[in-house]
Every structure is written in structure tokens, then in C-alpha cells.
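>>> need coordinates for the following:
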Amino acid sequence: MGRLFRRRSSGAAFSAAASATPREGFSGPVEAPFYLVSMAGYPNYGDELIARRWLEHLARHRPDEEVWLDCRFPGTASALFGDLHPRLRVTDAVFRAVEDSLRGSRRPVEDIVAHLGTPLYDAPLLALREARSLHLLGGGFVNAVWPENAHLVRAMRAAAEISGAPLLATGQGLAPVGQERLEGFDHVGVRDAASAELLGVETGVDDAYLVEEAPAREDDEEPELLLCVQSDALDEGSFERLVAHVRASVESLGVPRERTRYVEALPGGDHVGYERLKDLVAEDGFVPFTSLWRGELVPAAHQIWITTRFHHHLVASLHGARGMALSARSGYYDVKHGSLVELGSGWRISDGSGEVPSVAELERPGSFADAITRKRREAELLYGTA
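Take a look at the predicted model:
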């Protein structure tokens with residue numbers, strides 16, 4: 001868990017739940033909402049999973065509180081998350097302000113948040129400025145790979161300057177390092193050693209570990225092989241190398257085609273890899289994002305995974321699956337996958353070069369009970385236990 005970054009000097013511990021102040025609503029005084037800023041809604045399995053974890057946690061512990069989720073595509077997010085919290089509202093105010101700043105009015109995003117000036121989205125910006133707390137959900141999107149996302153943080157700071165709401169960030173991956181350092185945040189949690197060293201905080205864990213308990217590990221079936229090779233956010237030339245490495249690995253592992261599936265995390269972006277590898281996959285073995293999201297594929301300990309996707313690695317190893325993580329971009333994916341190996345996933349990391357493994361050479365994951373406990377304590381610190 002990251003240490004507390006305080007803008008205020010009072011108080012021995014911080015809790016957004018305890019810092020509520022009433023505001024006037026249409027039907028009388030109501031408490032200000034919790035406000036979450038997320039990359040969810042595209043969809044991309046990792047971003048959606050992180051948002052789901054926090055909404056489920058708030059539904060368990062703060063079901064009567066209003067929660068706003070600010071994300072890229074509210075329509076998709078409403079379909080994905082609409083029944084997770086009884087008082088969820090979905091918006092894109094921060095993302096619209098950033099887009100307007102970068103490619104519309106060209107006003108600084110701080111000016112847009114502070115002074116409004118457009119009827120197009122002034123109303124949701126007012127909700128942003130009235131929030132009880134402003135929480136940047138985890139992921140690896142505020143860094144040098146996507147420098148424009150630093151504007152999301154700037155917009156949150158501008159809103160906090162108006163309302164005094166605490167600024168929270170959890171599960172952040174800041175490598176490779178960009179300009180943003182999350183200065184002025186009341187709480188910062190990071191998920192890898194590189195980000196922790198940058199900020200001088202303790203290394204935490206990814207937000208996807210926000211579960212009530214470790215899942216059971218069932219390993220009573222024949223081995224099953226699951227694949228995914230992304231085509232986005234890659235080092236130049238790495239896609240062909242990774243596809244070739246997967247082919248050689250599938251041959252080495254010896255799992256029959258009828259027990260091999262391809263699991264999509266990013267719709268479209270992961271389908272290119274499937275097209276290149278579908279001759280290795282069962283006839284009905286393509287698992288689209290929607291099927292994965294709805295639980296039609298359940299990670300399990302009898303599975304072996306070969307994937308570039310970080311949250312495939314996290315969730316599969318949490319369920320006891322062995323595997324190999326493919327690093328598609330140096331300085332980014334190697335850091336992400338390495339953080340899970342350090343937690344005990346036991347997975348091999350490869351950039352698509354070197355020898356391919358046999359089944360016997362793949363280690364079983366260790367326990368993630370400590371990671372789950374640490375993340376749950378962080379959530380309780382921020383939102384209480386009621």
C-alpha cells in the first residue's frame with residue numbers, strides 16, 4: 001500500500017467516507033457522491049475489471065451512497081456495470097473536458113473545470129466539482145506511453161481545488177515515467193517497484209486484487225491451453241516474434257487443439273492474433289470479451305496460459321493457473337508482468353526470444369492472500385468498513 005500524501009495536516013488517518021459534507025440536492029440535503037475516474041468503457045478487460053472491483057466493493061460496504069463513474073464511453077460502461085451498485089451514475093465529464101482542451105477549445109483543462117463556459121457538459125462538470133472524494137482508479141495509463149492522460153489528473157486537481165475533496169489514486173503503474181507524479185494527492189497506491197521508487201512509497205498491488213477472498217483452486221481436469229497475443233501498444237516488430245514464439249510453445253506444451261482456446265481481452269486489438277493462430281485453436285475455441293466478462297470462461301488451476309495481457313496473467317494466476325507472460329513492450333509490459341512474478345505468480349516472462357517451456361518447467365503460482373489483504377485494507381482506509 002502506498003503511503004498517504006496529505007494536503008491537510010490534521011487527522012491521523014484518512015477516510016473519504018468520514019470526510020463527507022452535506023450538499024443541497026433537489027429533494028433536500030444529501031451527501032456528496034464518491035467519484036471514480038477510470039479508463040473503463042472501451043472495453044478492455046483489465047480496465048473494466050478494475051472498475052468492477054471497486055464498484056462491487058462499494059456496493060458491499062457503501063450501498064446507500066451515490067457513486068459516479070467517469071469514463072471514456074458511458075454507454076458501454078452502463079451496460080457493463082449498471083447492476084453492480086444500486087446508486088451508480090455514469091458520466092464522461094473529465095474525458096470530455098480533456099478532449100475539449102486537447103482538440104476543441106484548446107483551453108487549459110483546469111480553466112474548463114474551474115470556469116465552465118459551455119452548455120454541452122457544464123452540468124456533469126458541476127457534479128465533478130461537488131464530489132466527496134475524487135478517486136483515480138488503477139491501471140498503467142498515466143505514463144510516457146500515453147502522455148495525454150496526464151490531463152485527467154490535472155482535471156481532478158482543478159476540481160479538488162474548488163471543492164476541497166480529497167484526491168485518491170490506487171493501483172497505479174507509472175512506468176515508463178512521464179511528466180505526471182501525482183503531486184498533491186491525499187493517497188497514492190502503486191502496483192510495481194518502479195512506480196514506488198519514483199514516488200518514494202511502498203510497493204502496493206493492482207486494484208484487481210480487491211476481492212473478498214482468494215478463489216478456490218480446482219485442478220481435477222486435463223490441462224487446457226489458453227492463448228492471447230495483442231496487436232496494440234507493441235514494440236516495433238514484436239508481434240511477429242511473439243506469434244512465432246507462441247506457435248513453438250504450443251508445440252512444446254503438447255496440449256491438443258481441441259483443448260486450446262484463444263481469450264480476447266481487447267475487442268479488435270486481440271483478434272489479429274487469433275487470425276494468425278486459429279489453426280492451433282479448437283473450432284469453437286475463440287472466447288470474445290463479452291463471454292469472458294459474463295463468466296462463460298472461468299480461470300482454473302488446470303489451465304496453462306500464454307498471453308501478453310497483464311490482467312489475464314493476474315486473474316489466471318490468482319486461480320492457480322500456470323503460464324507464460326509475453327512482454328510486448330519493454331519498459332511497460334515487462335514491468336507489469338514482473339510485478340506479478342514478484343508477488344509469486346510463478347509465470348515465465350518472455351519477449352518472444354529464447355527457449356520455449358515444457359509443461360514440467362512451468363511453476364505453480366503461490367498464494368496471493370497477502371496481496372488480497374493489503375488491497376482490502378487500502379479500500380477500507382479510503383471508504384471505511386460500514
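
>>> point out where this protein drops to low pLDDT.
Filtered on pLDDT under 70, the chain yields the residue ranges 1-30, 386.

>>> all strands of it, in order?
Along the chain, counting by DSSP state E, strands occupy 22-25, 28-31, 34-37, 67-70, 88-91, 133-136, 167-172, 187-190, 224-228, 260-263, 286-287, 303-307, 322-326, 348-350.

>>> show me what the last one is in contact with.
Spelled out, that is strand 348-350. 245, 323-327, 334, 337-338, 341, 357, 361-362 (C-beta atoms under 8 Å, 6 or more residues apart in numbering). Where you see a C-beta, it was placed from the backbone N, CA and C, and this is true even at glycine.

>>> how far off centre is that strand?
With C-alpha atoms, centre = their mean, to the nearest Å as the basis, strand 348-350 stands 21 Å off its chain's centre.

>>> who does that strand pair up with?
The pairing partners recorded for strand 348-350 under DSSP bridges are strand 322-326 (parallel).

>>> all helices for the stretch 201-350 of the chain, in order.
Taking DSSP state H, counting those that start in this stretch, the helices of the stretch 201-350 of the chain run over residues 238-253, 271-277, 289-293, 310-318, 333-343.

>>> mind putting those into a markdown table with mean neighbour count and distance to Arg107?
Shown next, in a markdown table, are those (neighbours: other C-beta atoms under 10 Å; distance: least, C-beta to C-beta, whole Å):
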| stretch | mean neighbour count | distance to Arg107 |
| --- | --- | --- |
| helix 238-253 | 18 | 38 |
| helix 271-277 | 18 | 38 |
| helix 289-293 | 16 | 36 |
| helix 310-318 | 25 | 35 |
| helix 333-343 | 22 | 34 |
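
>>> hang on, the earlier thing: which one of the strands of the chain lies nearest to Tyr121?
Among those, strand 88-91 comes nearest to Tyr121, with 8.7 Å by C-beta to C-beta.

>>> which residues are contacting that closest one?
By C-beta under 8 Å, 6+ apart, the list of residues contacting strand 88-91 reads 33, 55, 66-71, 74, 77-78, 81-82, 124, 127.

>>> give me the PyMOL select line for the residues you listed, limited to the buried ones.
Here is the PyMOL command that selects the buried residues among the contacts of strand 88-91 (16 or more other C-beta atoms under 10 Å):
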select buried, resi 33+55+66+67+68+69+70+71+74+77+78+81+124+127
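
>>> can you flag which of the contacts of strand 88-91 belong to helices?
Among these, the subset assigned to helices under DSSP state H consists of Leu55, Pro74, Ala77, Ser78, Phe81, Pro124, Ala127.

>>> which of those residues sits closest to Gly384?
Leu55 (16.1 Å).

>>> now do the contacts for the residue nearest to that closest one when sequence neighbours are not counted.
Using C-beta to C-beta, 6 or more residues apart in numbering and skipping residues adjacent in sequence, the residue nearest Leu55 is Leu84, 4.2 Å away. Neighbouring residues of Leu84 by C-beta under 8 Å, 6+ apart: Arg52, Leu55, Glu56, Ala59.

>>> for ChimeraX, write the selection for the buried entries among these.
In ChimeraX, this line selects whichever of the contacts of Leu84 come out buried by 16+ other C-beta under 10 Å:
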select :52,55,56,59
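
>>> what is the nearest of the contacts of Leu84 to Asp92?
Using C-beta to C-beta, the contacts of Leu84 come closest to Asp92 at Leu55, 16.4 Å.

>>> isn't the closest one up against Phe81?
Yes. With contact defined as C-beta atoms under 8 Å, Leu55 reaches Phe81; the gap is 5.7 Å.
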